[in-house]
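Q: let me see the structure of the following:
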Amino acid sequence: MKNTFWSIFVIIIFTVSCSKEAKNIEKKATSLKYLGEVALSHGDLLLSNRGELNKVVGQDSLLVYDQNSRQLVLIDLKKKIPIHTITVTLDGPNFFDLPFRDAEIRNDSLYLLSKNFFSVYNLDGKALIRFGNDDLGIQKLSSYTNDFQLLSNSTVLISKVPIDVVAPNFQSPEKPKLFFTLDLPTGAVSEVAVFSPKESLIDDKAMGYYNDIAFHSMVINYDSIVYSFPFSSKTFIYDMGTKEQTEIETPLKFTENLRAPITAADQNGEKWIDYVYSGSKFSAIEKDSKTGFYVRVGSQYKKMTDGVNQKSNYLMLLNERFEVIEEVEIEDPIFINTIMVSNGIIYLRKGDQPIEDSYSFVAFEIVN
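A: Numbering: from 1, shown residues only. Just a heads-up that it's a prediction; the model follows:
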């Protein structure tokens, strides 16, 4: 009996110890390390410091569009130098359509979503496939394309923003869907049954209005679409296999978790400007393929004693259950619409660009 008792006692102590150790490991694996400023050199290229697009593509590379020289510039994030350029022509059979909204590089092909087209080019800038908005079912004044994800080499998932979001007096006759798939070999389009949540207010504009702060963005997690909105800290998930849709509360400590709306009548003029520079706003959610964690930035405007609205930015680290496990204030001024993560490093584009001939970012590392 004594031997049995001590055996059970040792097992219990060992189990509790392992449980505590596992929790400590998980906690340790979720810390954010501030790396300071990172400068990505322009190399020998004559580029503006205000590069557009700013998309992580392929493995550890950044794609920037330089509007002055009309070049797409691929920058190695490890070496911090340009490694390839693509000349952007605006006419001819290999024309590019501006502005660019999203991009990816896979198997030596550039996938590019722009205002009027979804296109595939080779890395010399030759157009391989092109689909216009009419081909995609994006009719003028009905919706906008926003971003995309490659589900495979032949299937693309594209976000569609309903016109209801930006037209205060318009409501679609049918409830608009937020995503559709495009089969590249055939051009077949299939809508995905995901709809705007009640918080977007597009079904009841008498309750308020968000305008372009209701544009959604997305990432893919295995068979699920993970999407979010700038007006809310919530995370929305749609499982493409089971067709189930869930909402996850993602509360932050330092910001309002649901932005107050404005009335549609105030969308123009001074009241709208004051509204934009007040309250909270959230970036897109980005996933780090190396660690499996997600990152997002939340901003909060607060009125100071002198009447000026001052903005603070906070970086969130989320686990695979979309729980906020760390939240830190970002001291440097940044653009929250330019948040990138690659190989465990988070890059936030600085609001000022102090270094000549370089793109300046603030960087954090997800420490394991």
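Q: find the nearest non-adjacent residue to Leu128, please.
A: Of all residues not flanking Leu128 in the chain, Val120 sits nearest, at 4.7 Å (CB to CB, 6 or more residues apart in numbering). No exception for glycine: its C-beta is placed from N, CA and C like everyone else's.
Q: right, and that neighbour touches Tyr111 too?
A: Yes. Counting by CB atoms under 8 Å, Tyr111 is a contact partner of Val120 at 5.5 Å.
Q: out of the two, which sits in the more crowded spot?
A: Using other CB atoms under 10 Å as the criterion, Val120 and Tyr111 rank with Tyr111 on top: 23 against 18.
Q: and Tyr227, what are its bridge partners?
A: Met218, Phe236 (DSSP bridges).
Q: so for stretch 307-317, what gets flagged as buried?
A: Asn313, Tyr314, Leu315, Met316, Leu317 (16 or more other CB atoms under 10 Å).
Q: what about the residue nearest to Leu128, which helix or strand?
A: strand 117-122 (DSSP states H and E).
Q: what residues does that strand touch?
A: With contact meaning CB atoms under 8 Å, 6 or more residues apart in numbering, strand 117-122 is reached by 86, 94, 96-97, 108-112, 127-133, 136, 145, 148, 156, 158, 182, 184.
Q: point out where the stretch 201-350 of the chain drops to low pLDDT.
A: Nowhere does the stretch 201-350 of the chain drop to pLDDT under 70.
Q: hmm, back to that, parallel or antiparallel, list what pairs with the strand holding Val120.
A: strand 109-114 (antiparallel), strand 127-132 (antiparallel).
Q: in the last one, what counts as buried?
A: Going by neighbour count (16+ other CB under 10 Å), the buried part of strand 127-132 is Ala127, Arg130, Phe131.
Q: give the rounded mean pLDDT of it.
A: Strand 127-132 shows a mean pLDDT of 97.
Q: just the C-alphas of that strand, formatted as PDB.
A: C-alpha atoms of strand 127-132 as PDB (Å, rounded to 0.1, in the frame of the first residue of the first chain):
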ATOM      1  CA  ALA A 127       1.200  39.000 -68.800                       C
ATOM      2  CA  LEU A 128       0.200  35.200 -68.700                       C
ATOM      3  CA  ILE A 129      -3.400  35.400 -67.600                       C
ATOM      4  CA  ARG A 130      -5.800  38.300 -67.000                       C
ATOM      5  CA  PHE A 131      -9.300  38.600 -65.700                       C
ATOM      6  CA  GLY A 132     -11.200  41.800 -65.800                       C
END
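Q: which SSE is immediately downstream of it?
A: With DSSP H and E, the next secondary element past strand 127-132 is helix 133-136.
Q: name the residues of that next one that are buried.
A: So helix 133-136, judged by 16+ other CB under 10 Å, has buried residues Asn133, Leu136.
Q: which helix or strand lies directly C-terminal to that helix?
A: As assigned by DSSP H and E, the chain's next helix or strand after helix 133-136 is strand 143-150.
Q: re the thing from before, next, the angle from the strand holding Val120 to strand 143-150.
A: With axes from the mean of the first three to the mean of the last three CA atoms, to 10 degrees defining the directions, strand 117-122 sits at 30 degrees from strand 143-150.
Q: now do the same for strand 117-122: mean pLDDT, whole number.
A: On average, strand 117-122 scores 98.
Q: ok, and for that strand, which residues are buried?
A: Buried residues in strand 117-122 (16+ other CB under 10 Å): Phe117, Phe118, Ser119, Val120, Tyr121.
Q: show me which of the residues you listed is closest to Leu40.
A: Tyr121 (22.8 Å; CB to CB).
Q: and the gap between the closest one and Asp147?
A: According to CB to CB, to the nearest Å, Tyr121 and Asp147 sit 18 Å apart.
Q: quick one on the thing from earlier: could you dump the buried residues of strand 117-122 into a markdown table and include distance to Lys281?
A: Output for these, formatted as a markdown table (distance: CB to CB, whole Å):
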| residue | distance to Lys281 |
| --- | --- |
| Phe117 | 29 |
| Phe118 | 28 |
| Ser119 | 31 |
| Val120 | 33 |
| Tyr121 | 33 |
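Q: shaky segments in the stretch 1-150 of the chain?
A: Within the stretch 1-150 of the chain, the ranges that satisfy pLDDT under 70 run 1-30, 141.
Q: can you pull out the strands in it?
A: Under the criterion DSSP state E, counting those that start in this stretch, the stretch 1-150 of the chain contains strands at 31-41, 52-57, 61-66, 71-76, 81-87, 100-106, 109-114, 117-122, 127-132, 143-150.
Q: make TSV out of those and add distance to Ser342.
A: Formatted as TSV, the strands of the stretch 1-150 of the chain follow (distance: least, CB to CB, whole Å):
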stretch	distance to Ser342
strand 31-41	11
strand 52-57	5
strand 61-66	8
strand 71-76	11
strand 81-87	14
strand 100-106	13
strand 109-114	17
strand 117-122	22
strand 127-132	26
strand 143-150	16
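Q: number of nearby residues for Glu247?
A: By other CB under 10 Å, 13 other residues sit near Glu247.
Q: residue contacts, it?
A: Glu247 neighbours (CB under 8 Å, 6+ apart): Pro197, Lys234, Thr235, Phe236, Ile237.
Q: quick one: which of those is most hemmed in?
A: Phe236 (23 neighbours).
Q: quick one: it and Thr250 touch, right?
A: No. In this structure, Phe236 is not within contact of Thr250 by CB under 8 Å, at 10.1 Å.
Q: good, wrapping up.
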